[in-house]
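Engineer: predicted model, plus sequence, below.
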Amino acid sequence: MYTTVQFVHSYWAYLVLIVLLVATVNALIGFFANKEYSPRDFRIALFALIVTHIQLLIGIILYFVSPLGLQSLTSSGMGTVMKDSMLRLYAVEHPLMMILTVVFVTIGYSKHKKKLVSKPKFKMLAIFYTIGLILMLSRIPWSQWF
């Protein structure tokens, strides 16, 4: 089960990265170019929200079945995990930053829906999706990706 969940989590992450990048760039372009907010923009933002939430669910499952997740904390203890940079990345930093990414994407999506005109809609998406993207990029285990 672990290898299957890890495989799905790893490859779904590429989709999340691409979609969140597209949604962020779309929001930034819409904001700075003073574009009119369209149903296409809504779908891009919604798709980014959906794929990040699915990735979070897969990641939570992986955290509980992976030897690098909760098992490393319970078997080695927090002190040992925090001293080992690889264990710290997988057991603490990566999960925390990815949860924060999903939180920022969710806040941005929720706040943008309450705005009535285009510029503030794009502004909310641009701010929160950019923060989420930066957090995500900061703690991707790049050595595993390449």
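Structural biologist: All right, it came through fine. Predicted model, so just to flag it, every value in this text is computed and none were measured.
Engineer: can we go C-alpha only for contacts and neighbour counts from here?
Structural biologist: Noted.
Engineer: how many other residues sit next to Ser76?
Structural biologist: Using other CA atoms under 10 Å, Ser76 has 12 neighbouring residues.
Engineer: Val105 too?
Structural biologist: By other CA under 10 Å, the residues close to Val105 number 31.
Engineer: surely it touches Phe128?
Structural biologist: Yes. Between Val105 and Phe128 there is a contact at 5.9 Å, judged by CA atoms under 8 Å.
Engineer: which residue comes closest to Phe64 once chain neighbours are left out?
Structural biologist: Counting by CA to CA, 6 or more residues apart in numbering, Phe64 lies nearest to Leu70, which is 5.6 Å off, once chain neighbours are set aside.
Engineer: ok, now which ones touch that neighbour?
Structural biologist: Applying CA atoms under 8 Å, 6 or more residues apart in numbering, we find Leu70 in contact with 63-64, 91.
Engineer: need the pLDDT of the residue nearest to the spatial centre of the chain.
Structural biologist: Central residue of the chain (CA atoms, centre = their mean): Thr101, 4.3 Å from the mean position. Note for Thr101: predicted pLDDT of 97.
Engineer: sec struct for it, please.
Structural biologist: helix (DSSP: H, G, I helix; E, B strand; the rest coil).
Engineer: mind naming the longest helix for this protein?
Structural biologist: helix 2-32 (DSSP state H).
Engineer: that one packs against which elements?
Structural biologist: helix 39-65, helix 118-138 (3 or more CA pairs under 8 Å, 6 or more residues apart in numbering; DSSP states H and E).
Engineer: for the residue lying closest to Val25 once chain neighbours are set aside, what are its contacts?
Structural biologist: Leaving aside its sequence neighbours, Val25 sits nearest to Ala126 (CA to CA, 6+ apart; 7.7 Å). With contact set as CA under 8 Å, 6+ apart, Ala126 has these partners: 24-25, 27-28, 31, 108.
Engineer: try 7 Å this time
Structural biologist: Shown in contact with Ala126 (CA atoms under 7 Å, 6 or more residues apart in numbering): 24, 27-28.
Engineer: read off the pLDDT value for it.
Structural biologist: Ala126 is given a pLDDT of 97.
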